[in-house]
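**Q** mind folding the following:
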Amino acid sequence: MDVFALRNQLVDDYAAYIESFINISDRRIREHVTAELHQGLLWPDPLLQLNPNFEPGDWIDDLVADGVLHPECSRIFRFKEPNKPDRRLRLHKHQTDAVKAAQSGDNYVLTTGTGSGKSLAYIIPIVNHVLQQGSGKGIQAIIVYPMNALANSQVIELEKFLCRGYPEGKPPVTFRRYTGQESDEEKQEIITSPPDILLTNYVMLELVLTRPHERNIVRAARGLQFLILDELHTYRGRQGADVAMLVRRVRDVCESRHLQCVGTSATLASEGTRGELATVRA
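**A** Numbering: from 1, shown residues only. This next block holds a predicted model:
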C-alpha cells in the first residue's frame, strides 16, 4: 500500500466534499478561498516520525538470578496474553539503570521518551521492595499523578502484571486507587484495609494528610519507602512549590527518614554534563 497515495486520495475526496458546500459570488473572495484550500488550509501535510529504538537492558530473569530482584519478579513481570504462553520480559537500559539506582536508596529522576516504559522503572523497584519486606505491612509506596486519567491507566497496567496468573483477589502485591472517583464505600475499604501501593493525585494526598477520618491511611504509611511523582514537569511555579512542600509533609507525617522520591517525565530535560548537574534532594 502506498500510504502517500492513500493520503492524497483522502484529501481529494474531503476537499471535493467541502467545496460542494461553498458557493461564493464575489470572484476575488472565491479565488482567495480556493487558493487557501488548495494550499492545505484544512488538512496538514503528511507527518513522518521515527520510532525510537531504545538501548536494550537486562532480562528480568537475569536480574533475579543476580540477586537484584526477588524471585517472584520472574513470574510477575512477563508478557501475559490470554490463551498464549507467557513470554520473558527484557528491560530497556534506562529501566535497568533505574532498577539498580533504586537499590541504593537514593532519590532519582528518570526522563526518557514517550512509550519507553517509564512506569516500569518505578513499579519494578516498588514491587521488589514489597516482596522483600512482605505484603500487608501497610502502605509502602504512594504514586502521585497530576491527573486521574493517568492513575486510571496505571491501574490497568498493574492489573496485567499483578493480577493475571494469580488467583482472583490474591495478587502478590496489593494496590488501590484513591482519588475523587471512588465511592464512599470504596474509600472506606481502603481506609480500613490499606494496600501496599496507593495511587492518587497530589490534591487528594494533601487532603489525606489533614482529614481526621483518613488518619488510618497516614498510620498505614508510616515508614513509607517510595513517593513517586509521575509527569514531574507539570509541577512548576507556585504549583511546584506546593508539591515540594507536600513532599516534605509526607516525609514528616509518615515518619519516613529514608523516603525515596522518584520523578519521571518524557519532556523534562537538563543542560550540561553529568558532572555539571547539581544533585537536588527533597
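
**Q** break this structure down into its structural domains.
**A** Following automatic domain parsing, the chain resolves into domains at 3-38, 56-276.

**Q** please identify the most buried of those.
**A** domain 56-276 (a mean of 17; mean count of other C-beta atoms under 10 Å). For every residue, glycine as well, the C-beta is placed using N, CA and C.

**Q** distance from it to the middle of the chain?
**A** Centre-to-centre, domain 56-276 and its host chain are 9 Å apart (C-alpha atoms, centre = their mean, to the nearest Å).

**Q** ok, of the domains of the chain, where does mean pLDDT dip lowest?
**A** For the domains of the chain, mean pLDDT drops lowest on domain 3-38, to a mean of 86.

**Q** check the offset of that domain from the chain's centre.
**A** 42 Å.

**Q** that one: end-to-end distance?
**A** Using C-alpha to C-alpha, to the nearest Å, the end-to-end distance of domain 3-38 comes to 20 Å.

**Q** cool, and stretch 198-218?
**A** End-to-end distance (C-alpha to C-alpha), stretch 198-218: 11 Å.

**Q** what's the end-to-end length of stretch 137-156?
**A** End to end - C-alpha to C-alpha - stretch 137-156 spans 23 Å.

**Q** what does it contact?
**A** 119, 122, 126, 129-130, 133, 175, 177, 179-181, 194-202, 205, 217, 219-231, 234-235, 250 (C-beta atoms under 8 Å, 6 or more residues apart in numbering).

**Q** now do stretch 95-114
**A** Contacts for stretch 95-114 (C-beta under 8 Å, 6+ apart): 52, 54, 57-58, 63, 68-69, 91, 94, 117-118, 120-122, 124-125, 128-129, 232, 258, 260-270, 280-282.

**Q** SS state for the closest residue to His258 other than its chain neighbours?
**A** Nearest residue to His258 in three dimensions, chain neighbours excluded: Gly105, at 6.1 Å (C-beta to C-beta, 6 or more residues apart in numbering). Three-state assignment for Gly105 (DSSP: H, G, I helix; E, B strand; the rest coil): coil.

**Q** residues in contact with the residue nearest the centre of the chain?
**A** Taking C-alpha atoms, centre = their mean, the centroid of the chain lies closest to Ser119, which sits 4.5 Å from it. Contacts for Ser119 (C-beta under 8 Å, 6+ apart) come out as 154, 157, 230, 264.
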